[in-house]
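Engineer: with the input below, show me the fold.
(one chain, ligands or ions: 2)
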Amino acid sequence: MTKRELITQVAARTGLTKRSVGRCLDGLLGSLKHSIAQGRSVKLRGFGQFRVIRVRAKSQSRDGQENTGQESGKVVLKARYRLRFRPGQSLVWLGESRAKPLSSNAEISKVLIENNISGGTMNDTSEAQDQTQEEASFQGLDVGTSRIVLASGTFNNIKTQTQLNAFVTVPYSKFTENILKQNKIPYQLNGSKELVIFGNESEKFANSFNVEARRPMYNGLLNPNEANGWLVIQSIIELLVKKSKKQEMICFSVPGAPRGGEANLVYHEGMIKNYLQSLGYSAKSVNEGLAVVFAELEKDNFTGIGISCGGGMCNVCLAFMSVPVFSFSISKAGDYIDTAVAAVTSEVPTRIRVIKEESLDLSRQPKDKYENAMHIYYEEMILTLVEALRSEISESRNLPKLDRPIPIVISGGTAKPKGFIDKFDKIFKQNDFPIKVSEVRISDEPLTATARGCYIAAAYEA
Ligand SMILES: Nc1ncnc2c1ncn2[C@@H]1O[C@H](COP(=O)(O)OP(=O)(O)O)[C@@H](O)[C@H]1O
Ligand SMILES: [Mg+2]
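Structural biologist: Residues are numbered from 1 along each chain as shown. Ligands and ions are numbered 1, 2, ... in the order given. Next up is the predicted model:
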C-alpha cells in the first residue's frame, strides 16, 4: 500500500479530510523517526513494537582485519544500530509463513536509511531473527470449566494434552496414599484429613465410588464456593506445564464478559496469570472466542466469528483481520443442558452427560425421554446463542466495513454431537442476520481449537 492509498483509507474510516489525515500521518512518521533516531524504542500497544538495538562498536586495523589487541593504527567503526519490529497480538502477519513475521526488518531498515535517519547503519537481522523465532518455544493453555488443554510443539506440528478440570476427595490414610503413589496417581493432601485426586484420574475414582466429581471452576471462572478449587487448578496446570527458566511465552484463554452482565474476570485472569508467571513464563490472556478465530480462520485472514461451546459457557468473538471487534459469553452450554435435562427426567446430571456424550445424535428423531429433553435444550441453547449474536452485531457501534461475507466457526465439546451443525444452521436461518455469512462450520478438532489458538497467539506475542 502506498502512502497515498493509506491516506485515502484512513480518511474513509475516520471521516476526516485527506488533508488532515495527511498532516497526521506526516506528524506520526516524523515522531516515529525522531524517536528511533534517538535510539528510543516505540511501543504501540496491540500493534507492535519498534526496538532500536545498539550493537557494540568494533575495532578494526587499517588493513581491514579485526583487531585483537591494542596495536597502533587501530580505527574504531561507528556503533551500528539494528531496528526490530515485533508485531503485537492484534497484528497478525498475513504473509505466507507464520514463522517469518520479523522479516520486515529489512524493509524498515531501508525506509530509515532512505530517510537519512542518523545514528549509524541499520542492519538487516531478519535471518537471525527468523531462526530465533523458529527455535523459540511457546505454549497455549485452554483453561476451560470442563477440561484444561495445553498446546505445545512447533507451528507445523502443534501437539495437545488434556486433563479433566475436576477432582474427588477421599479420606486420608497412609495406606491409600501409598496405593496412589504406587499407581502414579496425582494427588494433593488437604491437611491430614483428605486426599485430593485431580485431573483425568478423578473420573475413574468418581465412577468407582459412585460420587460426583467436583469442579474447581463454574461458568468459566474460578468457583468461589469450592474451597479446594484453586489448589486443584494449580496442580492440574503443573501436570501439563513444566517450569520454565527462560520466560517463555504462554497465552491462556479467558472467557468473555457475560452479555448484559458483569463477571469477576479480573480476579480469575489475575490468579492464572500470576501462577503461570511463578512457573517462569511470560503469560498473557486471550479471549476464548478470539482463540478460535486464530486457530480456525487463517485462510480468511482471521476475519470471522469464532464460537466455543464448552461446559460452563459459550464464548463468542467477531474479529476483523485478527482484531477483536466484540466478544461476549452466555452461560448456557453443556452443563446447562445436563442440569436442565436431569431436572425434567429425574436423573442425575452426570448420568445425562454420559448419555449425551456417548450416544446423542441430533440429526435423527429422539428415541426416549432423555433424548427428547436433550433436543429441546440443545435447541434452546442454540437459539439463545444466535439471538445474543444477532443483538450484539446490531448494537455494535464499531463494526468494520465488511466487503465480503464472513465465516462462523464453532468449536468446543458441546458442538460435538452428530447433527449439531444442521440444527444450528436451521435456527440461524429462521431469521435475517445483520451481516452476510459465507458459511457455518464446525472446527475439525473442536476439543483443542482454543488451546491451538492460544498457542498461535503466544507465537506472535513472543
Ligand atoms: N461427544 C460429545 N457429545 C456431546 N457433548 C460433549 C461431547 N464431548 C464433550 N461434550 C460436552 O462438552 C462440554 C465440555 O466441552 P469443552 O470444550 O471441553 O469445555 P470447557 O471449555 O468448558 O472445558 C461438556 O458439557 C461435555 O459434556
Ligand atoms: Mg473451552
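
Engineer: looks like residue 258 contacts residue 327 (just checking).
Structural biologist: No. Using CB atoms under 8 Å, residue 258 makes no contact with residue 327, being 11.0 Å away. Placement of C-beta: from N, CA and C, glycine included.

Engineer: get me the contact residues on the stretch 351-462 of the chain for ligand 1.
Structural biologist: 353, 356, 357, 360, 412, 413, 414, 416, 417, 447 (CB under 6 Å from any ligand atom).

Engineer: wait, is the second one part of a strand?
Structural biologist: Which is residue 356. No. Residue 356 is assigned helix when assessed by DSSP: H, G, I helix; E, B strand; the rest coil, not a strand.

Engineer: so who does it touch?
Structural biologist: 334, 337, 338, 341, 374, 417 (CB atoms under 8 Å, 6 or more residues apart in numbering).

Engineer: give me that answer again for 6 Å
Structural biologist: Applying CB atoms under 6 Å, 6 or more residues apart in numbering, we find residue 356 in contact with residue 374.

Engineer: likewise the last one?
Structural biologist: Each residue near residue 447 by CB under 6 Å, 6+ apart is listed here: residue 413.

Engineer: against residue 139, how distant is it?
Structural biologist: Per CB to CB, to the nearest Å, residue 447 is found 17 Å from residue 139.

Engineer: tally of neighbours for the residue of the stretch 1-150 of the chain found nearest ligand 2?
Structural biologist: Closest approach of the stretch 1-150 of the chain to ligand 2 (CB to the ion) occurs at residue 144, with a separation of 3.4 Å. Other residues lying near residue 144 total 27 when counted by other CB atoms under 10 Å.

Engineer: quick one, phi/psi of it?
Structural biologist: phi -100, psi 160 (degrees, to the nearest 10).

Engineer: show me which residues of the stretch 51-200 of the chain are close to ligand 2?
Structural biologist: The stretch 51-200 of the chain comes close to ligand 2 at residues residue 144, as judged by CB under 5 Å from the ion.

Engineer: could you rerun that using 8 Å?
Structural biologist: 142, 144, 145, 146, 147, 149 (CB under 8 Å from the ion).

Engineer: please look at the third one and residue 311 and confirm they touch.
Structural biologist: Yes. In this structure, residue 145 sits in contact with residue 311. The criterion is CB atoms under 6 Å, and the distance is 4.4 Å.

Engineer: among the residues of the stretch 351-462 of the chain next to ligand 1, name the buried ones.
Structural biologist: Buried by 16 or more other CB atoms under 10 Å: 353, 356, 360, 412, 413, 414, 416, 417, 447, out of those.

Engineer: per-residue pLDDT of the third one, please?
Structural biologist: Just to be clear, that refers to residue 360. Looking at residue 360, its pLDDT reads 96.

Engineer: ok, residue 286 to residue 410 distance?
Structural biologist: Residue 286 sits 18 Å away from residue 410 when distances are taken as CB to CB.

Engineer: residues in contact with the residue in the stretch 251-400 of the chain positioned nearest to ligand 2?
Structural biologist: Nearest residue of the stretch 251-400 of the chain to ligand 2, counting by CB to the ion: residue 310, 3.5 Å away. Listed by CB under 6 Å, 6+ apart, the contact set of residue 310 reads 144, 333, 412.

Engineer: for the second one, the count of nearby residues, please.
Structural biologist: Residue neighbour count, defined by other CB under 10 Å, stands at 28 for residue 333.

Engineer: so it is in contact with residue 314, correct?
Structural biologist: Yes. Using CB under 6 Å, residue 333 is in contact with residue 314, at 5.0 Å.

Engineer: ligand 1 next: which of the residues of the stretch 51-200 of the chain next to ligand 2 are close?
Structural biologist: 144, 145, 146, 147.

Engineer: just among those, which is most surrounded?
Structural biologist: residue 144 (27 neighbours).

Engineer: returning to that earlier point: of the residues of the stretch 51-200 of the chain next to ligand 2, closest to residue 211?
Structural biologist: Using CB to CB, residue 146 is the member of these that lies nearest residue 211, at 17.5 Å.

Engineer: one step back: make CSV out of the ones next to ligand 1 among the residues of the stretch 51-200 of the chain next to ligand 2 and add pLDDT.
Structural biologist: As requested, these are arranged in CSV below (pLDDT from 0 to 100):
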residue, pLDDT
144, 96
145, 94
146, 95
147, 96
